[in-house]
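1. okay, sequence plus prediction incoming.
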Amino acid sequence: MQNDGSGRIVVHGLSKTFGQVAAVQNLSFVVEPGSVTGFLGPNGAGKTTTLRMVLGLVTPTAGVTTISGLPYEQLGNPARIVGAVLENEGFHPKRTARNHLRVYAAAIGMPDQRADEVLALVGLSGAANRKPGEFSLGMRQRLALATALLGNPQVLVLDEPANGLDPEGILWLRNFLRAYAREGRTVLVSSHLLSEVEQTIDQVVIISHGVTRYYGSLEQLRASRQSRVLVQSGDPNALANALREGGFTQLEMAPDGRVVVLGATRQQIGDLVAKSGLAVYGMEEDRADLEKLFFQLTNGQYSGAPYQAQQHYPPPPPGGGWGPPPQYQSPPGGYPQQQGPYQGWGGQR
Ligand SMILES: Nc1ncnc2c1ncn2[C@@H]1O[C@H](COP(=O)(O)OP(=O)(O)OP(=O)(O)O)[C@@H](O)[C@H]1O
């Protein structure tokens, strides 16, 4: 085997067991260069363990993980290929930011001046002579990123990099990572909050209880959200009957008396209502937000209530892209009644 120069991260059949705890189970996904991939899952889902296996810090119980075709430990001078920021990185309390970076630069064969270059890249030039002990959490995150960038790596692996960043810091990080990926590099970013990385990532791997729940483009995940239309009518029962006859059978009643039609567009309902001659006073279309979908996909790690799937996912795209979990039987989509504000049709109002 040799370094194929691609910067592609491959995780194949990866498992890790700590005593009785199956932290990661048979995980498979590919992180392509030129994109930012989000690695998402609730706390304890197995993200850090997986990233540590990718970085050769934890030995897998089963499976393999490679970067540019090689296991991390066979990469030669890995810091020149992969830059990583893991959680809770410590800094020497007495060293300035610049000296901290110079020590690390020397260790990987980079010149002193690289320290100032990476400080500039992360916007910390003005703090070069200060000690990280005086830094805010956001500044420490930037310094950790600067450390990862020392070797000008083709691949960046960041564990929860948005933790502790203020909105401005998150925006900065987003622009930085997107620009980095645009140069054809590989960026893998973990987070337990989809909203934190939603605008940064193109691809997403969602795990829960150490198992892949979704693997593919964020765009496709967005498209799988089912729309619903809320219809205000003078006679909700007559409207419901007309809708059922028209083939719209997924109906709910909102607490305010509006009829909620799942899986329909405003236009479809408008046409049907016009034919039925019923009075309708207003229609509002909305889509399930991605965060809700994320909750559904990671069900069981957020709330005790079991998710009852109402909708099936669209079939896998040709050429794959979906996670392989054989035990994944409860596809997402729709609006789980126990989580939404709506009562089922005929339920308590
Ligand atoms: N060294 C270890 N020894 C024993 N159990 C471990 C060890 N490392 C992780 N675990 C367990 O493995 C599971 C996955 O942990 P991991 O830290 O990988 O999850 P995570 O998704 O990164 O969560 P977080 O965001 O909270 O760090 C947890 O149940 C955790 O307690």
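-> Now that the structure is in, tell me what you want to look at. Numbers count the residues shown, from 1 in each chain.
2. what is the neighbour count of the closest residue to the ligand within the stretch 201-349 of the chain?
-> When distances are taken as Cβ to the nearest ligand atom, the stretch 201-349 of the chain reaches nearest to the ligand at residue 210, 6.7 Å away. C-beta here means a position set from N, CA and C on the backbone, and glycine is covered the same way. Residue 210 sits with 23 neighbouring residues when counted by other Cβ atoms under 10 Å.
3. ramachandran angles for it?
-> phi 80, psi 10 (degrees, to the nearest 10).
4. tell me which stretches of the stretch 151-300 of the chain form strands.
-> With DSSP state E, counting those that start in this stretch as the criterion, the stretch 151-300 of the chain has strands at 155-159, 186-191, 203-208, 211-217, 227-233, 251-253, 259-262, 280-287.
5. least confident of those, on average?
-> Lowest mean pLDDT of the strands of the stretch 151-300 of the chain: strand 280-287, a mean of 84.
6. closest to residue 148 out of the strands of the stretch 151-300 of the chain?
-> Closest to residue 148 of those, according to Cβ to Cβ: strand 155-159, at 6.4 Å.
7. can you list the weak-confidence ranges in the stretch 1-150 of the chain?
-> 88 (pLDDT under 70).
8. hmm, 90 instead?
-> 1-5, 42-45, 76-80, 86-94, 133-141 (pLDDT under 90).
9. about what we covered before: of all the strands of the stretch 151-300 of the chain, which one is nearest residue 8?
-> Using Cβ to Cβ, these put strand 186-191 closest to residue 8, at 6.7 Å.
10. returning to that earlier point: list the contacts of the residue of the stretch 201-349 of the chain closest to the ligand.
-> Contacts for residue 210 (Cβ atoms under 8 Å, 6 or more residues apart in numbering) come out as 15-16, 22-25, 27, 45-46, 49.
11. can you check residue 233 too?
-> With Cβ under 8 Å, 6+ apart, residue 233 has these contacts: 239, 258-259, 278-281.
12. from residue 244, how far out is it?
-> From residue 233 across to residue 244, the span is 14 Å (Cβ to Cβ, to the nearest Å).
13. let me know the pLDDT of the residue nearest to residue 170 when sequence neighbours are not counted.
-> Excluding the flanking residues, the one nearest residue 170 by Cβ to Cβ, 6 or more residues apart in numbering is residue 162, at 5.3 Å. Note on residue 162: pLDDT of 84.
14. torsion angles phi and psi at residue 162?
-> Main-chain torsions, residue 162, degrees, to the nearest 10: phi -80, psi -10.
15. pLDDT weak spots in the stretch 201-349 of the chain?
-> Residue ranges of the stretch 201-349 of the chain with pLDDT under 90: 208-214, 218-228, 234, 249-250, 252-257, 262-267, 273, 275-278, 284-349.
16. residue boundaries of the helices in it?
-> Ranges of helices within the stretch 201-349 of the chain are 218-223, 236-245, 266-276, 290-297, based on DSSP state H, counting those that start in this stretch.
17. redo those helices as JSON lines? Include distance to the ligand.
-> Shown next, in JSON lines, are those (distance: least, Cβ to the nearest ligand atom, whole Å):
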{"stretch": "helix 218-223", "distance to the ligand": "19"}
{"stretch": "helix 236-245", "distance to the ligand": "43"}
{"stretch": "helix 266-276", "distance to the ligand": "40"}
{"stretch": "helix 290-297", "distance to the ligand": "14"}
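18. okay, the ones you listed, which one's buried deepest?
-> helix 290-297 (a mean of 20; mean count of other Cβ atoms under 10 Å).
19. mind giving me the packing neighbours of that one?
-> Counting contacts by 3 or more Cβ pairs under 8 Å, 6 or more residues apart in numbering; DSSP states H and E, helix 290-297 packs against helix 194-197, strand 203-208, helix 218-223.
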